[in-house]
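# show me how the following folds:
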Amino acid sequence: MGKLKRTKEHAGKIFIVGAGPGTPDFITPIARKTVQNAHLLIGSKRVLNMLESSSEIKGEVLSLNASNIHSTLKFGIEVAKSGKSVVILSTGDPCIFGLLKPVLKIKEDVEIEVIPGISSIQTCLARLCLCWDDIGLLISFHQETSPEKKKILIKAVNEGKNIVLLPGPKSFPPNKILNFLLAQGFDEELPVAICERLTYPEEKIVKGTLKSLSRLSFDPLSVMVIEKLRSTQTQSE
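Sure, this is the predicted structure:
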C-alpha cells in the first residue's frame, strides 16, 4: 500500500471521483487533489491514462474492467474500512450512469463522498447549446439493452420528447438504435445529433435525420440526441 501520510478528512473513506469525459483538461482541481491523497486508486485503463503523465498518482493503483468490477469495488470498500483513503475514478460524472450506483449496491459500513465531474452528456448538451430542463428523457444502453428500456425510448419518441441517450458500444450502437426506431415506423426526418469522442482532438458532431444517419457507423464513445426543439436548424454535416 502507499506511504502517504493519512489525513483525518480522507482516512477510512471512499471517494468516487468524476474524471471528465476524455482529455485531462476536463478533470477538476478538486478531483486531482483527492487523487493525490489516495492510498488506493481504482479506475479503468482509459481514466487512469488521463493521469498517467502526471505525478498525481501516489498510492497503489488497481485497474477496473467489466470482468472484475464487483470484486475490485468490494476490495476497495474493504481497504477503506481498514482506515485507508480509497478513490474510485469514474469517467464523466459518478452520478450520471457512473460508478456511484454499483458502489451503492455493495455499500457496507463505510463513508462515501462523491466528487462530481464533467460528463460526456453535459459536454454534449453544451456543444449543442441545449438546456437540461428541455430534455424529456435521459437513458443509457451502455450496460444494458433490455426490452423495457426500448419501450421507454419508444414511448418518449412517441410523446415528442427531446431525448439524450448513451448507446451501447456493441449491443446497441447508434446505427442500430436509428434502424430500430425506423422499424417502429417513426418519421424518417426526425432530427438526430451524434457527438463522438467529446473533448478529444478528434471530436466530431454529426447532425442529420433518423434515415440519413442510420447508414453510418460511429465511435463507441458517442452520445446521441433526438431533438425536436430546433428541427428547422438541423442539417447534415
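# any idea of the mean pLDDT in the helix or strand containing Gly208?
Assigned by DSSP states H and E, Gly208 belongs to strand 204-209. For strand 204-209, the mean per-residue pLDDT is 96.
# contacts for that strand, please.
Residues outside strand 204-209 that contact it (CB atoms under 8 Å, 6 or more residues apart in numbering): 127-128, 188-197, 213, 216, 218-219, 234-237. For every residue, glycine as well, the C-beta is placed using N, CA and C.
# next one, pLDDT for the residue most central in space within the chain please.
Centroid-nearest residue in the chain: Gly92, 4.6 Å away (criterion: CA atoms, centre = their mean). Note for Gly92: predicted pLDDT of 94.
# what's the helix or strand bottoming out on mean pLDDT in the chain packed up against?
Every helix and strand of the chain was ranked by mean pLDDT, DSSP states H and E. The lowest is helix 45-49, at a mean of 88. In terms of contacts (3 or more CB pairs under 8 Å, 6 or more residues apart in numbering; DSSP states H and E), helix 45-49 is packed against strand 60-64, strand 85-90.
# can I get the CA coordinates of the first one in CSV?
Below are the C-alpha coordinates for strand 60-64, written out as CSV (Å, rounded to 0.1, in the frame of the first residue of the first chain):
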residue,chain,number,x,y,z
GLU,A,60,-1.4,1.9,-5.2
VAL,A,61,-3.4,1.5,-8.4
LEU,A,62,-5.9,-1.1,-9.4
SER,A,63,-7.3,-1.4,-12.9
LEU,A,64,-11.0,-1.8,-13.3
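# so where is this structure shaky, pLDDT-wise?
Filtered on pLDDT under 70, the chain yields the residue ranges 1-11, 52-54, 107, 229-237.
# I figured Gln36 hits Glu56, correct?
Yes. Using CB atoms under 8 Å, Gln36 makes contact with Glu56 at a distance of 5.4 Å.
# Gln184: what's it in contact with?
Here Gln184 is in contact with 154, 157 (CB under 8 Å, 6+ apart).
# distance of it relative to Val157?
As judged by CB to CB, to the nearest Å, Gln184 and Val157 stand 8 Å apart.
# same question, Leu165
Leu165 is 11 Å from Val157, where distance means CB to CB.
# the two: which is more packed in?
Set Leu165 next to Val157 and count neighbours by other CB atoms under 10 Å: Leu165 wins out with 23 against 20.
# pull the number of nearby residues for Ile135.
The number of residues near Ile135, taken as other CB under 10 Å, comes to 17.
# over to Pro174?
25.
# wait, it touches Gly168, no?
No. Contact criterion CB under 8 Å: Pro174 and Gly168 do not qualify, at 9.7 Å.
# to Ala31, which of the helices and strands packed on helix 45-49 lies closest?
strand 85-90 (8.2 Å; CB to CB).
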